[in-house]
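J.: The following block contains a protein sequence and its predicted model.
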Amino acid sequence: MKQFLLITIAAIFCSSATVFAQFNTVTQTKAHRKAVPKTTQSTTPEQQPPFSPCQRRDSLAFAQIQTQTEQTDRLPALVSPLRHISVTSPFGYRRDPFTKRKALHNGLDLKANYEPAYAMMQGEVIKVGRDKRSGLYVTLRHGDFTISYCHLSQSLVTKGTHVYPGTVIAMTGNSGRSTGPHLHLTLKKDGKNINPAILLNLIKQTSMSNMFAENTANPEN
C-alpha cells in the first residue's frame, strides 16, 4: 500500500512538473512574441524614411547658402529683410484667403507696414516689375539663388543695381493680390521654390554666433 502511494505521489509530482514546464514555455513564447514589435519599431538611421524632395532641396539650399555667405568677409554676410521679423503666413499649403481653397503658398509672409525692406545678401537687382498677383516687386540674384520682395509700395533700386547686406531696396506695401500690408518673400533655386524660412533660421544662427563671439571677446561686459 505504501509502495502504491509512493508511486502515485511520484506520478502526480512528475505530471505537475511537466505542466509547470509547459506553462513556462508558453509564457516565454508569448513574451518573446510581444517583444518583437518593440524591436521592429526602433529603426536604425538606414531604416528611417527618406526625406521628401522638398525637404531634401531645402536642406541642400540651406547648406549652400551657408557656404556662400561664409565666403564673404568684408560685410555681414546675411541680414534680416526687415527690422523686426514676425511671420504671419508660412511657406506651404494653406487655405487661400481669396478662393478659400487649399493652395500652395510659395513664399513667406512677414508683418510689415510701409517700412524699409533690406537686401539680405550681396547680389544684383535682376528685375523690378509689377503684376496682378505680386503687385510691385523687386527680384535680387545672390549667386545661384533669387529672392523676390513682393506687394511693395515703392522700389528704391533699378535693374543692374549692385546691393549689399542691409541695402534699402524698397518700401513694403499692399499692392497686388494682398489682404493687407505685409512683405511676401520668395526664394528660388533653378526656378524651384524653396522655403525662405531657411534664411531666417540662418540669420538667427549667425546672430547667436556673433553674440557668443562678442561675449567671449568681452567677458567683463
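T.: The structure has been received and is ready for your questions.

J.: quick one: which helix or strand includes T206?
T.: helix 197-217 (DSSP states H and E).

J.: before we move on, what about M171?
T.: Using DSSP H and E, M171 falls in strand 168-172.

J.: And for C150?
T.: Short version: C150 belongs to strand 145-155, going by DSSP H and E.

J.: buried sites along that strand?
T.: 145-152, 155 (16 or more other Cβ atoms under 10 Å). From N, CA and C alone the C-beta is placed, and that goes for glycine too.

J.: Closest one to V128 out of these, please.
T.: Nearest to V128, judged by Cβ to Cβ, of those is S155 at 5.0 Å.

J.: related to what we said a few turns ago, how big is the angle separating the strand holding C150 from strand 168-172?
T.: Here strand 145-155 runs at an angle of 60 degrees relative to strand 168-172 (axes from the mean of the first three to the mean of the last three Cα atoms, to 10 degrees).

J.: which residues sit against strand 145-155?
T.: 61, 64-65, 81, 107, 114, 117, 120-121, 126, 128, 134-140, 169-176, 178, 181-189, 194, 196, 199 (Cβ atoms under 8 Å, 6 or more residues apart in numbering).

J.: Among these, the buried ones, what's the ChimeraX command?
T.: Buried members of the contacts of strand 145-155, defined by 16+ other Cβ under 10 Å, are picked up in ChimeraX with:
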select :61,65,81,107,117,120,121,128,134,135,136,137,138,139,140,169,170,171,172,173,174,175,176,178,181,182,183,184,185,186,187,188,189,194,196,199
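
J.: and the contacts of strand 145-155, which of them are in strands?
T.: 117, 126, 128, 135-140, 169-172, 182-189, 194 (DSSP state E).

J.: before we move on, the earlier item: the strand holding C150 pairs with which strands, and in what direction?
T.: When pairing is defined by DSSP bridges, strand 145-155 lines up against strand 135-142 (antiparallel), strand 168-172 (antiparallel), strand 182-189 (antiparallel).

J.: Relative to K102, which of those strands is closest?
T.: strand 182-189 (18.5 Å).

J.: And the average pLDDT for the closest one is what?
T.: Strand 182-189 shows a mean pLDDT of 96.

J.: Identify all contacting residues around it.
T.: Strand 182-189 is touched from outside by 57, 61, 64, 81-82, 88, 106-112, 117, 134, 144-152, 172, 174, 178, 193-196, 198-199, with contacts defined as Cβ under 8 Å, 6+ apart.

J.: And for L78, the neighbour number?
T.: Number of residues near L78 (other Cβ atoms under 10 Å) recorded here: 23.

J.: roughly how far apart are the closest residue in space to N113 that isn't next to it in sequence and L199?
T.: Excluding the flanking residues, the one nearest N113 by Cβ to Cβ, 6 or more residues apart in numbering is P181, at 4.8 Å. Separation of P181 from L199 (Cβ to Cβ, to the nearest Å): 21 Å.

J.: And for T179?
T.: As judged by Cβ to Cβ, T179 and L199 stand 24 Å apart.

J.: R177 now?
T.: R177 is 23 Å from L199, where distance means Cβ to Cβ.

J.: now do E124
T.: E124 is 17 Å from L199, by Cβ to Cβ.

J.: and if you look at V138?
T.: Distance from V138 to L199, by Cβ to Cβ: 16 Å.
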